[in-house]
Structures are given as structure tokens and as C-alpha cells.
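Undergrad: Here is a sequence with its predicted model. Questions after.
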Amino acid sequence: MNEKMEHCGAYSLILHINLNYILIVNNFAVINNNISWVRQHKQAYMYKKIFSDFRSPDWQKTTISYYQALKAARVLLKCDHLLRMIGYTETEFKIIYPLLLHLEAYVYSGDLKYEEHQSQGTLYTENTWKKNIETLLKIYEIYDWEIQSELDNLEKYFLQESRLLLGEIEINEQVILDIFYIRSSDIYMLLRVVHKLKDIPYNEDLFKLLKPLLVIEEIRDDLESYEKDVAGNSFNTLRLYVQLYGKLQAAQKLREMRCRIIHNAIDNLAKADKRSIVQFWIAVLKIDLGIPFIFHSILNLVPGSLLVYCAKLLLINDDKYYGAIPQAIDEPRIPE
């Protein structure tokens, strides 16, 4: 009798577990269906917004070269994880890609003009590239003062870069640091645009967390193109440090600056809210397991303090993570 009761109890427990499992699976399916419905609705909204009827006669004019489009496409390939970070699906990214590509290509149309004048020893001050971006965003009704601020910073960067190369500005570490933090203003412009397209409020805390990381990425790109930039007399971080500190000290001084930037990133992370920390991790790891909703959910289960601690372990100042500093090339040094 007791044995029968035990069997009945075991069967009841198994049945209870199975029923709960089915309930959980069904609930997940409902949640997943709801998420799919919301995504489809947002995708339809974005599709209609991007691929709407013809809006401007200028849209039939060729204002962007293939080279500028290639440069822009390279940037977008490196930014796809930032879109996943704020919840964009692959389909949504494809929908808005033509707009993002054109915006970034306009940026490079200006960048190449500044570089052309730098090589001629003159300062380029026109900002047609900027006006083209403003016009396009106003047509889509997503232009605001925050986006304008990013474009103003980008224009400031182009002018500062030119003045540095032309010897019109005295080089010191503060000037270099200031220019570092506005150099990626085109990325922040694009980030704000994708927020507006998906009707997501700006997360300024997240933008603040990303700034040091984007600075590090810009430095890494400069290290990879150092020899080419020296040969072409182009703007390059290591070139500035060679001019400021000389060939022998440049690498160590740059490494110290990079270390301060990394510590700044860690300090910002410790002060951030949980949502921003989770999004930061998506950006740093550059993965979403193919299922952004699940990956976000997993990270949300981890205490914020633990995520910050693990980030400190990842954000170590090591050349193999942030780019090896090449052998400096002799160039004229700024007199002390």
C-alpha cells in the first residue's frame, strides 16, 4: 500500500513538473509571439519611413562616389554590434542601411575634401557635407539639436585635425585628448539617427560609456595605418606623440594615455545604471547568440556589480587587446 502511494506520489510529481514545463514553454511561446508581433510592427513602420514615396528632386542626383560609399560601408560593418546593442534585428538593419550608408558617405565626402586641402597646405572651411546630412535628416523628420551637436563636433574635429597638420595649433596632451573625444562624432550621429528611426529615447549614460571605447578603437586603427599615414602626411595619433615626445618616448607616452582612457571607461561603468551596463556588454562582446532577447535576459540576471567587476578584468591595458604600437618613425619634433 505504501509502495503504491509512493508510486502515485512520484507520478504526481512528474506530472506536476511536466505541466509546469509545458506552461513555461507555452508562456515563452506567447512572449516570443508578442515580441515577434511588435518587431513586425516596428519593421513595417521603418520600412514605410525609409522607402516612402519620392520626396526630393535631389534624390536623383549623384552626389556620392563609389569610393566614398566603400569607406562608409566599412564603418557600418564595424558598427553592426552597436545596433544589436539597442535591439535592432538583422532585417531592421537592412531596412535602414541605405540611409545610414548615404549619411556616412556624406561624412567621407567632407573628410576627403579636408585631406585634399591638407596635402596642399590650405585649410578647407566649407561644410557642404554637413548641410547635405542636415537636409536629408530633415526630410525624414528625425533631425534634432542633439544630432546637430554631433555634426558640429565632427566639423570641429575636421578643422582641428587640419590645423594640427598645418601647424596652426600647438600640440599638447590636452589638445590630443580633446580631439580624441570628438573624433567619433559621426558614430554618435548615426546612433542617434537609429534611435530616432526606432522611436527609442536616447540613453546618454550609454553614450558616455561608449566614448572611451570608441577612442580606443580610433587609436587602434591609427596604429594599423601608421606607416601609410606617415608616408601620406595624414593625421595619426602616434605621429602626434612622436612630434610631441620624440621617437624614443612616443610609444610609452601613448600607452600611458591609453591606460588613462581605459580607467575612465571603468569609472564611468561603475556609476552607470544596470540597463546601460547590459547594453555596454553587448557592445563590448559584439555578440548576441543570434537571439538578442535571450542574451539580454541572461545578462539582466547577472548582478550589475559582477558585470562591472568582469568588465574591469576585460578592460586591461594590454597591447594585444588594443593594438601593438609599431616602431616610431623619425619626424621633426616640436621644440620645447
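TA: Received the coordinates, thanks.
Undergrad: Low-confidence regions, the stretch 151-300 of the chain specifically.
TA: For the stretch 151-300 of the chain, the stretches flagged by pLDDT under 70 are 285-297.
Undergrad: ranges for the helices of it?
TA: Using DSSP state H, counting those that start in this stretch, the helices of the stretch 151-300 of the chain run over 173-180, 185-197, 204-224, 226-231, 237-245, 250-271, 274-285, 292-301.
Undergrad: From the contact counts, what lies against the fifth one?
TA: Counting contacts by 3 or more C-beta pairs under 8 Å, 6 or more residues apart in numbering; DSSP states H and E, the secondary-structure elements packed against helix 237-245 are helix 173-180, helix 204-224, helix 226-231, helix 250-271. Bear in mind the C-beta positions are built from the backbone N, C-alpha and C, glycine included.
Undergrad: Indicate which one of those is closest to Ile86.
TA: Closest to Ile86 of those is helix 204-224 (C-beta to C-beta; 8.1 Å).
Undergrad: So which elements touch that closest one?
TA: Looks like helix 204-224 contacts helix 173-180, helix 185-197, helix 237-245, helix 250-271, helix 274-285, helix 319-322 (3+ C-beta pairs under 8 Å, 6+ apart).
Undergrad: buried residues in that helix?
TA: Under the neighbour-count criterion of 16 or more other C-beta atoms under 10 Å, helix 204-224 has 205-220, 222-223 buried.
Undergrad: Stretch 194-204 now?
TA: Residues 194-198, 203 are the ones in stretch 194-204 that count as buried (16+ other C-beta under 10 Å).
Undergrad: gap between the two ends of it?
TA: End-to-end distance for stretch 194-204, by C-alpha to C-alpha, to the nearest Å: 14 Å.
Undergrad: contacting residues for the spatially closest residue to Tyr245 that is not a sequence neighbour?
TA: Excluding the flanking residues, the one nearest Tyr245 by C-beta to C-beta, 6 or more residues apart in numbering is Lys253, at 4.8 Å. Listed by C-beta atoms under 8 Å, 6 or more residues apart in numbering, the contact partners of Lys253 are 241, 244-245.
Undergrad: Counting neighbours, which of those comes out on top?
TA: Each of the contacts of Lys253 was scored for neighbours by other C-beta atoms under 10 Å, and Tyr241 scores highest at 24 neighbours.
Undergrad: The residue lying closest to it once chain neighbours are set aside and Met257: what is the separation?
TA: In this structure, Tyr241 finds its nearest non-sequential neighbour in Ala250, 4.1 Å apart by C-beta to C-beta, 6+ apart. Counting by C-beta to C-beta, to the nearest Å, the separation of Ala250 from Met257 is 11 Å.
Undergrad: of those two, who's got more company?
TA: Set Ala250 next to Met257 and count neighbours by other C-beta under 10 Å: Ala250 wins out with 23 against 18.
Undergrad: My guess is the more buried one contacts Asn236. True?
TA: No - with contact defined as C-beta atoms under 8 Å, Ala250 does not count as touching Asn236 (11.1 Å).
Undergrad: what's near enough to touch the nearest residue to Arg220 once chain neighbours are set aside?
TA: Nearest non-adjacent residue to Arg220, counting by C-beta to C-beta, 6+ apart: Gly323, 3.9 Å away. By C-beta under 8 Å, 6+ apart, Gly323 lies in contact with 219-220, 223-224.
Undergrad: If we use 10 Å, what do you get?
TA: By C-beta atoms under 10 Å, 6 or more residues apart in numbering, the contact list for Gly323 reads 216-217, 219-224, 226, 258.
Undergrad: Which one of the residues you listed is nearest to Asp80?
TA: Using C-beta to C-beta, Glu217 comes nearest to Asp80 of these, at 13.9 Å.
Undergrad: I'd like to know how far Pro98 sits from Phe235.
TA: Between Pro98 and Phe235 the distance, using C-beta to C-beta, works out to 29 Å.
Undergrad: ok, the two, which is more surrounded?
TA: Higher neighbour count among Pro98 and Phe235: Phe235, with 21 against 11, using other C-beta under 10 Å.
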